[in-house]
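Chemist: What shape does this take:
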Amino acid sequence: MKAFVLCKLAPGQEQTVMHDIRAIEGVNEVFLVFGGWDIILSAEAETMDKLSNLIVSKVRAVPGVSETETLVTTNI
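Modeler: Numbering: from 1, shown residues only. The predicted model follows:
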């Protein structure tokens, strides 16, 4: 399973949060962006349960991450 995760951050935490998120196993890429979201990352796991755990227990647990939205990819 692959997903893109949009993250909003606490002001001034961008560099620290990017460093912490890049260290999470299963996170492939991290991009700092302008607009309604501060970071977009791609993540991958073997199952939906593992992907959910990665996002909820690891990404959202990073200090400075205030909100996330997950976009799960599909092969239609």
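
Chemist: give me every residue that touches Cys16.
Modeler: For residue 16 the amino acid is Thr, not Cys. Taking C-beta atoms under 8 Å, 6 or more residues apart in numbering, we find Thr16 in contact with 63-64. For glycine as for every other residue, the C-beta is placed from the backbone atoms N, C-alpha and C.

Chemist: buried stuff in the helix or strand hosting it?
Modeler: Here Thr16 sits within helix 14-22, counting by DSSP states H and E. Neighbour counts over helix 14-22 (16 or more other C-beta atoms under 10 Å) mark 17-18, 20-21 as buried.

Chemist: For the residues you listed, work out which two are farthest apart.
Modeler: The distance between the two most remote of these (C-beta to C-beta) is 7.4 Å, for Met18 and Asp20.

Chemist: Closest one of the buried residues of helix 14-22 to Glu29?
Modeler: The nearest one, if we look at the buried residues of helix 14-22 relative to Glu29 and count by C-beta to C-beta, is Ile21, at 10.1 Å.

Chemist: check which helix or strand covers the closest residue to the closest one other than its chain neighbours.
Modeler: Once flanking residues are discounted, Ile21 sits nearest to Val30: 5.3 Å by C-beta to C-beta, 6 or more residues apart in numbering. Per DSSP H and E: Val30 is located in strand 27-32.
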